[in-house]
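S.K.: curious how this folds, go ahead:
(one chain, ligands or ions: 1)
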Amino acid sequence: MRRWLVLVPLALLAAPLTAEEPARKNVLLITADTLRAQAVEDTYTPHLDHLAAEGVRFDRAYTPITTTLPAHASIFTSLYPRDHRAYSNVSRLSSKVTTLAEVLDGLGWETACHINMPWLNPDASNVPQGFRTIRRGDRIRKADKTNPWVIDFLAKEHEDPWLLWVHYVDNHTPYHAPGSYDDMYTSEQKNELADVWRYFPPDHQESEHMISWLDGVEYAEEVIDDYHGSATWIDAHVGQIVWELKRTGQWDDTLVVFTSDHGESMGEHDLWFVHAGLFEQTTRVPLIVRDPGGPAGVEVDTVVSTIDVMPTVLNRLSAPTPDGVRGADLWQVLDADGGGVAYLEHTGRQLTGVVTERWKYIRHDKTNRIYSGYPMNAGTLELYDLSADPDELVNLAAEMPDRVAELEALMTRLEAGERGFEELTYEVDEDMREALRAMGYVE
Ligand SMILES: [Zn+2]
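M.R.: Here you go, the predicted model:
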């Protein structure tokens with residue numbers, strides 16, 4: 001089995017500086033917030049299937065962290081949170097990091113983005129560093145309010161190739177699948193909402209936003225059905241964008257990446273409607289990369305990470321990748337026979353983990369009891385054999401100390417060479433605080 005990511009020094013995986021002229025392709029990056037990989041697999045998503053049929057679908061792609069702001073920071077910098085140090089939704093990314101947008105802006109690309117959360121705005125998180133045109137995030141704008149702006153952008157004449165980042169939020173709480181999408185899915189299982197309410201974090205139990213969202217809901221599965229309907233709704237909006245690219249004759253010149261910043265737990269491990277923990281539901285995300293003229297209809301089951309997006313995009317454009325990135329060009333795993341690994345962290349540095357082809361290892365670094373169904377206790381270790389136990393139900397840590405030691409050593413190797421940018425926060429004003437509350441975030 002090839003250990004392509006473990007044994008090859010990471011610096012060698014970055015594209016060498018080259019005198020080659022970059023390929024003047026457009027880049028469309030879509031991040032569908034809170035959309036877990038399983039939701040795409042379990043629902044009707046014909047447009048994403050079409051995209052995958054023209055590109056590469058990575059079935060085991062992981063986010064390095066399960067919180068929006070740091071996860072997006074990692075996508076745009078190819079750094080782990082322990083490197084860029086933007087660890088939460090009130091962090092500010094250091095201006096000293098180099099982002100994908102900055103690299104392409106420097107090469108003459110037009111850069112534009114549509115953000116849908118205020119904490120991703122440049123004056124808050126600084127995540128869009130390098131984007132020149134920014135449609136700022138406000139209070140929960142939905143995909144149908146986002147696409148008109150995107151379609152206007154695509155319909156314009158562009159002298160230069162462009163990088164466009166589209167951020168959707170429709171799979172984030174409060175889920176509301178609009179119109180007929182609301183009735184698309186009906187779960188057979190029925191858990192009374194009143195019975196699972198006690199598993200919500202205390203601030204969610206008392207939140208007027210949560211209470212008004214869930215008012216009148218009898219079964220928790222009605223909420224899950226809404227989440228699934230939102231996945232199909234997002235798929236339809238991706239289809240609209242692809243259609244516009246084709247209509248305007250840009251499809252053959254546009255590299256497309258579709259992914260998410262993290263998943264969501266739908267009651268697994270007694271975590272309800274939150275992206276807490278490092279289980280598959282919250283860490284495994286959809287990832288499709290379509291390069292015009294590149295591989296088509298390829299499905300890859302090697303473990304990869306969303307930190308690989310930046311080097312992959314830059315390599316497809318024959319553009320130089322900045323020194324010190326942590327990710328690798330995903331095209332290198334197209335022929336790999338397993339051997340991938342992804343490093344995982346939890347917001348607030350509460351958990352650290354690693355996932356390999358077979359194993360998931362999670363170490364609790366802090367104690368936090370806000371999730372009553374999944375209390376975090378410093379010193380607790382979790383080890384799961386994903387090949388035999390994909391639902392991560394049987395913790396083998398106590399009976400397999402050698403495996404635990406091996407995975408600890410692997411984590412230490414992945415942590416080596418930490419970049420350590422300055423750790424910053426932005427000032428949270430009352431508007432921002434209210435926006436954070438509305439999406440279920442703790443004070
Ligand atoms: Zn998010």
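
S.K.: now the one residue in the stretch 1-150 of the chain that gets nearest to the ion, nearest residue through space, not along the chain?
M.R.: The ion sits closest to residue 68 of the stretch 1-150 of the chain, with a gap of 3.0 Å, by C-beta to the ion. Every residue, glycine included, has its C-beta placed from N, CA and C. Excluding the flanking residues, the one nearest residue 68 by C-beta to C-beta, 6 or more residues apart in numbering is residue 261, at 5.2 Å.

S.K.: residue nearest the centroid of the chain?
M.R.: Residue closest to the average C-alpha location in the chain (C-alpha atoms, centre = their mean): residue 261, at 1.7 Å.

S.K.: flag every residue of this structure that's near the ion.
M.R.: 33, 68, 261 (C-beta under 5 Å from the ion).

S.K.: residue contacts, residue 136?
M.R.: By C-beta atoms under 8 Å, 6 or more residues apart in numbering, the contact list for residue 136 reads 115, 118, 121.

S.K.: would you turn these into CSV with secondary structure and neighbour count?
M.R.: Shown next, in CSV, are the contacts of residue 136 (DSSP: H, G, I helix; E, B strand; the rest coil; neighbours: other C-beta atoms under 10 Å):
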residue, secondary structure, neighbour count
115, coil, 27
118, helix, 22
121, coil, 18
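
S.K.: in the stretch 301-443 of the chain, which spans are helices?
M.R.: Using DSSP state H, counting those that start in this stretch, the helices of the stretch 301-443 of the chain run over 309-316, 401-415, 430-438.

S.K.: show me what residue of the stretch 201-350 of the chain gets nearest to the ion.
M.R.: Per C-beta to the ion, residue 261 is where the stretch 201-350 of the chain lies closest to the ion, at 4.2 Å.

S.K.: is that residue in a helix, a strand, or coil?
M.R.: coil (DSSP: H, G, I helix; E, B strand; the rest coil).

S.K.: so what's it up against?
M.R.: The neighbours of residue 261, taking C-beta under 8 Å, 6+ apart as the test, are 31, 33-34, 63, 67-68, 71-72, 75, 285, 306.

S.K.: ok, now residue 132?
M.R.: By C-beta under 8 Å, 6+ apart, residue 132 lies in contact with 105, 110-112.

S.K.: mind checking which of these are in strands?
M.R.: Per DSSP state E, strands hold the following members of the contacts of residue 132: 110-112.

S.K.: what's the closest of the residues you listed to residue 323?
M.R.: Nearest to residue 323 among the ones in strands among the contacts of residue 132: residue 111, at 21.4 Å, using C-beta to C-beta.

S.K.: which residues does the closest one bridge with?
M.R.: Per DSSP bridges, the residues bridged to residue 111 are residue 163.

S.K.: kindly state the pLDDT recorded for it?
M.R.: Residue 111 is assigned a pLDDT of 98 by the prediction.

S.K.: repeat that for residue 242.
M.R.: Listed pLDDT for residue 242 reads 98.

S.K.: other SSEs contacting the helix or strand containing it?
M.R.: Using DSSP states H and E, residue 242 maps to helix 220-247. Counting contacts by 3 or more C-beta pairs under 8 Å, 6 or more residues apart in numbering; DSSP states H and E, helix 220-247 is packed against strand 26-32, helix 37-42, helix 46-53, helix 143-155, strand 162-168, helix 193-196, strand 254-259.

S.K.: residues of the fifth one that come out buried?
M.R.: Which is strand 162-168. Residues of strand 162-168 classed as buried by neighbour count (16 or more other C-beta atoms under 10 Å): 162-168.

S.K.: avg pLDDT for that strand?
M.R.: Mean predicted lDDT for strand 162-168 stands at 98.

S.K.: in the stretch 301-443 of the chain, what residue lies closest to the ion?
M.R.: Across the stretch 301-443 of the chain, no residue is closer to the ion than residue 439, which sits at 8.9 Å (C-beta to the ion).

S.K.: and that residue, how many neighbours?
M.R.: Counted with other C-beta atoms under 10 Å, residues neighbouring residue 439 total 20.

S.K.: does it really touch residue 171, like I thought?
M.R.: No: under the criterion of C-beta atoms under 8 Å, residue 439 makes no contact with residue 171, lying 11.7 Å away.

S.K.: now residue 344: closest residue in space, sequence neighbours ignored.
M.R.: residue 353 (3.9 Å).

S.K.: also residue 431?
M.R.: Counting by C-beta to C-beta, 6+ apart, residue 118 is the residue found nearest to residue 431 once chain neighbours are left out, at 7.4 Å.

S.K.: ok, residue 200 - contacts?
M.R.: 210, 272-274.

S.K.: could I get the contacting residues of the residue of the stretch 1-150 of the chain closest to the ion?
M.R.: So residue 68 contacts 33-34, 89, 117, 119-120, 261-262 (C-beta under 8 Å, 6+ apart).

S.K.: got a markdown table for those, with distance to residue 242 and pLDDT too?
M.R.: Output for those, formatted as a markdown table (distance: C-beta to C-beta, whole Å; pLDDT from 0 to 100):
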| residue | distance to residue 242 | pLDDT |
| --- | --- | --- |
| 33 | 20 | 97 |
| 34 | 22 | 98 |
| 89 | 30 | 93 |
| 117 | 24 | 93 |
| 119 | 29 | 92 |
| 120 | 24 | 94 |
| 261 | 21 | 98 |
| 262 | 24 | 98 |
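
S.K.: mind pulling up the pLDDT for the nearest residue to residue 379 once chain neighbours are set aside?
M.R.: Leaving aside its sequence neighbours, residue 379 sits nearest to residue 364 (C-beta to C-beta, 6+ apart; 6.4 Å). On the pLDDT scale, residue 364 is placed at 98.

S.K.: can you list the residues of the chain next to the ion in JSON lines and add distance to residue 381?
M.R.: Output for the residues of the chain next to the ion, formatted as JSON lines (distance: C-beta to C-beta, whole Å):
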{"residue": "33", "distance to residue 381": "30"}
{"residue": "68", "distance to residue 381": "27"}
{"residue": "261", "distance to residue 381": "26"}
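
S.K.: for those residues, which one is nearest residue 343?
M.R.: Sorting the residues of the chain next to the ion by how near they are to residue 343, with C-beta to C-beta, puts residue 261 at the top with 15.9 Å.

S.K.: please state the backbone phi and psi of the closest one?
M.R.: Torsion angles at residue 261 (phi, psi; degrees, to the nearest 10) stand at phi -90, psi -20.

S.K.: and if you look at the one 5 residues further on?
M.R.: Note on residue 266: its backbone torsions stand at phi -110, psi 50 [degrees, to the nearest 10].

S.K.: mind listing what's buried in stretch 49-59?
M.R.: By 16+ other C-beta under 10 Å, the buried positions in stretch 49-59 come out as 50-52, 54-59.

S.K.: kindly report the same for stretch 386-399.
M.R.: Buried residues in stretch 386-399, counted by 16+ other C-beta under 10 Å: 386, 392, 396-397.

S.K.: what residues does that stretch touch?
M.R.: By C-beta under 8 Å, 6+ apart, the list of residues contacting stretch 386-399 reads 268-269, 279-280, 355, 358-361, 381-385, 403-404.
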